[in-house]
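J.: Here is the input, now give the coordinates:
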Amino acid sequence: MTSVSTVSDLTTHLGFWLRMVSNHVSQAFAQKLAEREVTVAEWCVLRTLYGRDPTPPSRVADEMGMTRGAITKLADRLIAKALLRREASAEDGRAQTLALTERGADLVPELAALADRNDEAFFACLAEEERRSLERLLKRLAERGGMRGVPVA
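T.: Next comes the predicted model:
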């Protein structure tokens, strides 16, 4: 039988602290987006398409590391909100593309500003060098772990 004293405490794990910070940062941002009636996943699609020519859903799925079905569901929701449009491809009428509507394109800078303010609210306590170090370390861990795609949940 394992002794209670040899079982590590939750707070001794870096993963615990990463998850705590990540949850709070993500939840605060999700609440800010909800006030604009947009989810985090929808925001990620909007930002991915911002400033781009009409793009096939398959390319959006590949770039975001999501399934085509997930992108279709997100696109359907954004189309219903008049933030996205689906069109026949100019090159191949059977294929479809996704593009922001004017309303969607106008909303992206507002939502990006929310993301910027959310980051500032959580990370302003760090000196610039600390922020760069944290970013560098997180990117290194993501690269080493083969973590790709856009975190939407």
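
J.: and the helix or strand harbouring Asp106, what does it pack onto?
T.: Assigned by DSSP states H and E, Asp106 belongs to helix 102-123. Other helices and strands packing on helix 102-123, by 3 or more Cβ pairs under 8 Å, 6 or more residues apart in numbering; DSSP states H and E, are helix 14-34, helix 40-49. Where you see a C-beta, it was placed from the backbone N, CA and C, and this is true even at glycine.

J.: Just send the ones you listed back as a markdown table, with mean pLDDT too.
T.: Output for these, formatted as a markdown table (pLDDT from 0 to 100):
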| stretch | mean pLDDT |
| --- | --- |
| helix 14-34 | 95 |
| helix 40-49 | 97 |
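
J.: Which one of these lies nearest to Ala105?
T.: helix 40-49 (8.7 Å; Cβ to Cβ).

J.: Could you pull out the buried residues of the next helix-or-strand element following the closest one?
T.: Next helix or strand after helix 40-49 toward the C-terminus (DSSP H and E): helix 57-64. The neighbour-count check on helix 57-64 (16 or more other Cβ atoms under 10 Å) flags Pro57, Val60, Ala61, Met64 as buried.
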